[in-house]
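**Q** Structure for this input, please:
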Amino acid sequence: MENIIYHITTKQEWAKALENNFYTAPSLELEGFIHCSTSVQVSGVLERYYQGVSDLLKLVIDVTKLTSKLEYELAPSVNEMFPHVFGTINIDAVIEVIEL
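**A** Numbers count the residues shown, from 1 in each chain. Predicted structure coming up:
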């Protein structure tokens, strides 16, 4: 598995993360984890879930720095294994933030 994973978010959500010193997403409360992607999965995620959404950022996450558990799980809708973070993402695990 890769040591780098990605998460798509908004500038507003990232600003909130910087204030809190950790990143979270609604899916953590709803599903128990934060959805992430590998490098080859990012474009498909953007196409499926973020059409027409502006102010997006791609968080580049070093999995070796994560303090929450990471697991790869099957997404049946696309039959692919996706990285899921079971907890908040600590800010120092985010090694780069890229505007989309």
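**Q** ok, and the closest non-adjacent residue to residue 80?
**A** Among residues not flanking residue 80 along the chain, residue 41 sits closest, at 6.6 Å (Cβ to Cβ, 6 or more residues apart in numbering). C-beta here means a position set from N, CA and C on the backbone, and glycine is covered the same way.
**Q** Likewise for residue 58?
**A** residue 98 (4.4 Å).
**Q** in what helix or strand does the one you found lie?
**A** According to DSSP states H and E, residue 98 maps onto strand 94-99.
**Q** for this protein, longest helix please?
**A** helix 11-20 (DSSP state H).
**Q** Next, work out how far apart the nearest residue to residue 22 once chain neighbours are set aside and residue 24 are.
**A** With sequence-adjacent residues excluded and distances taken as Cβ to Cβ, 6+ apart, residue 22 is closest to residue 88, at 4.2 Å. Residue 88 is 5 Å from residue 24, where distance means Cβ to Cβ, to the nearest Å.
**Q** okay, and the common contacts of these two?
**A** Residues touching both residue 88 and residue 24 (Cβ atoms under 8 Å, 6 or more residues apart in numbering) are residue 34.
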